[in-house]
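[1] Sequence below, structure please.
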Amino acid sequence: MGPVPNEKRGSLAEQLPPLTDNAAAVESDRCLYCYDAPCTHACPTHIDIPSFIKRIASGNLRGSAQVIYASNLLGATCARVCPVQELCEGACVLGADHKPIAIGRLQRHAMDYARAHHVLPARRGDRTDHRVAVIGAGPAGLSCAGELARYGHTVTIFEKRSMPGGLSTYGIIGLREPMEIALEEARMIAELGVEIQSDRELGKDISMPDLQRDFEAVVLAVGLGRTPQLGIDGEDAIVDGIDFIEASKTGPEQLKIGQNVLVIGAGNTAIDCATIARRLGSGRVTMVYRRTEHEMTCYEHEYRFARDERIEFRFLTQPSRVLLDSERPVGLECLRVELGGPDGSGRPAPTLVTGSEIVLEADQIIKAVGQQKPALVEFLGLRAVSGFIDVDSEFETSIAGVYAIGDCIRSRGAASTVMAVQDGKLAAAAIGRKLMAQPSTTEAR
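    The predicted structure follows:
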């Protein structure tokens, strides 16, 4: 393995440059504007993709942005972080024999125009005196709050962090979404009339009884927790992958990078951690995974990207102990793994091979093995499914008037930003229907 090319080293800037007006016009002219377009069906938020692309082709970028907003208020984020290769672009009819339309980059082009020219989503209803509280200012919470505000309701978001945006702000590598994009999108939601209160945590600064007294509906958009424990000796010396990505966005100049880095895990977050380490100066980055490349939870294109970054992979390897010298990691003891029949996840179950210990040298170890289930399940006494908050078809929890959306309810299927946005949109419509069917029970304030 050789070093990362000089032009990549130290670079966590957005990976793809914006399209020029001319490039966007040329690309949009390639679109066939399919009837009942497969790309629209493949988009979880069902953006009318041929319609927004046709408006770009005709020079109507304002109209293009409004088409996107009609289905997805966080179009700027989704244009950057959606796995378009697996969704809209993967379904493009030109993909079989030609290059698929660059739908993600065209959507970004329209959203960049909207941001630069202060194009806001159109309102959908007159002002009401109905009040809704949203807990969490990540993509799900922002989407839900923005849609409710468009219907005319009064919405307050309570966010425990100092800045809104959730994982878009703190947890997605800057190569895909710079922090300023997420923050600007949150400001756009605020301009729709949503009040965002930062440093306000449920159970600490605000209580559920108070919320139920002051608001007609409460929406939990709390995401998931920290990276779970591995349960191995020396784990305190391992860096949490979510913290590592956050540091790369909030203070990359202070982020310490080892020369021999191990990343435990094989999902998209693990790929992000490995990429950060590689680009910020690590001489060697190796991802350690207990199954094979066929069971990795990252997207195929992310795996290829990591390979292009000259990141190494160690499959069928499970960590068992961190080796320390003066409380600093110097290696990771691992055991070889054999795969057996399917486990609860449907993937082959790993079985440790006794006596197969090996030691991988490392001066920095990062773990990115998923996130803990929502702590609010137990705290609020909510009905749960596999540790996730259980909701009905309209996103209402086991507590009447309390709803939940986003990653905290994703007991099945892969969690993603675009699915969180869709949850927010659908929940807002369901809540709006219920609110408008009954008189307000709170006073407008």
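[2] Tell me where the stretch 201-350 of the chain has helices.
    Using DSSP state H, counting those that start in this stretch, the helices assigned to the stretch 201-350 of the chain run over residues 208-214, 241-250, 268-279, 300-308.
[3] So which of these is the most surrounded?
    Mean neighbours per residue, mean count of other C-beta atoms under 10 Å, is largest over those for helix 268-279, with a mean of 26. All C-beta spots, glycine's among them, are computed from the backbone N, C-alpha and C.
[4] Can you list the low-confidence ranges for the stretch 251-400 of the chain?
    Within the stretch 251-400 of the chain, no stretch has pLDDT under 70.
[5] again, only using 90
    Applying pLDDT under 90 to the stretch 251-400 of the chain flags residues 251-254, 343-347.
[6] Give me the neighbour count for residue 426.
    Neighbour count of residue 426, defined by other C-beta atoms under 10 Å: 18.
[7] Just confirm residue 23 is within a helix.
    Yes: judged by DSSP: H, G, I helix; E, B strand; the rest coil, residue 23 forms part of a helix.
[8] and the gap between it and residue 105?
    Counting by C-beta to C-beta, to the nearest Å, the gap from residue 23 to residue 105 is 9 Å.
[9] biggest helix in the protein, by residue count?
    helix 417-436 (DSSP state H).
[10] Quick check on residue 23 and residue 105: which one has the bigger neighbour count.
    Just comparing residue 23 and residue 105: by other C-beta under 10 Å the higher neighbour count belongs to residue 105, 19 against 15.
[11] tell me the contacts of that one?
    When contacts are counted by C-beta atoms under 8 Å, 6 or more residues apart in numbering, residue 105 touches 16, 19, 24, 27, 79.
[12] same thing but at 7 Å, please
    16, 19 (C-beta atoms under 7 Å, 6 or more residues apart in numbering).
[13] what's the distance between it and residue 88?
    Distance, residue 105 to residue 88, by C-beta to C-beta: 12 Å.
[14] Just the C-alphas of stretch 375-389, formatted as PDB.
    What follows is stretch 375-389, C-alpha atoms only, in PDB (Å, rounded to 0.1, in the frame of the first residue of the first chain):
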ATOM      1  CA  ALA A 375     -32.900   5.500  25.900                       C
ATOM      2  CA  LEU A 376     -36.300   7.200  25.900                       C
ATOM      3  CA  VAL A 377     -38.000   3.900  25.500                       C
ATOM      4  CA  GLU A 378     -37.400   3.000  29.100                       C
ATOM      5  CA  PHE A 379     -37.400   6.600  30.400                       C
ATOM      6  CA  LEU A 380     -40.900   7.300  29.100                       C
ATOM      7  CA  GLY A 381     -42.200   3.700  29.400                       C
ATOM      8  CA  LEU A 382     -42.900   3.400  25.700                       C
ATOM      9  CA  ARG A 383     -43.900   0.300  23.900                       C
ATOM     10  CA  ALA A 384     -40.900  -1.000  22.000                       C
ATOM     11  CA  VAL A 385     -39.900  -3.400  19.200                       C
ATOM     12  CA  SER A 386     -36.400  -4.900  19.400                       C
ATOM     13  CA  GLY A 387     -35.400  -1.800  21.500                       C
ATOM     14  CA  PHE A 388     -36.800   0.700  19.100                       C
ATOM     15  CA  ILE A 389     -39.800   2.900  19.700                       C
END
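[15] Which single strand of this protein contains the most residues?
    Assignment by DSSP state E gives strand 328-342 as the longest strand of the chain.
[16] strands paired with it, and their directions?
    Paired strands of strand 328-342, with direction, are strand 317-325 (antiparallel), strand 348-352 (antiparallel), strand 358-361 (antiparallel) (DSSP bridges).
[17] So residue 211 versus residue 66, what's the distance?
    Using C-beta to C-beta, we find residue 211 at a distance of 33 Å from residue 66.
[18] which one of the helices of the stretch 201-350 of the chain lies closest to residue 55?
    Residue 55 lies closest, by C-beta to C-beta, to one member of those: helix 300-308, at 27.8 Å.
[19] Which residues does that closest one contact?
    By C-beta under 7 Å, 6+ apart, the list of residues contacting helix 300-308 from outside reads 85, 268, 271, 274, 275, 293, 296.
[20] Dump the residues you listed to a markdown table, plus distance to residue 48.
    Below are the contacts of helix 300-308 laid out as a markdown table (distance: C-beta to C-beta, whole Å):
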| residue | distance to residue 48 |
| --- | --- |
| 85 | 21 |
| 268 | 27 |
| 271 | 31 |
| 274 | 37 |
| 275 | 33 |
| 293 | 37 |
| 296 | 33 |
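[21] Looking at the helices of the stretch 201-350 of the chain, which is nearest to residue 381?
    helix 208-214 (9.9 Å).
[22] check contacts around the closest residue in space to residue 123 that isn't next to it in sequence.
    Nearest non-adjacent residue to residue 123, counting by C-beta to C-beta, 6 or more residues apart in numbering: residue 150, 5.4 Å away. When the contact criterion is C-beta under 7 Å, 6+ apart, the partners of residue 150 are 121, 123, 124, 192.
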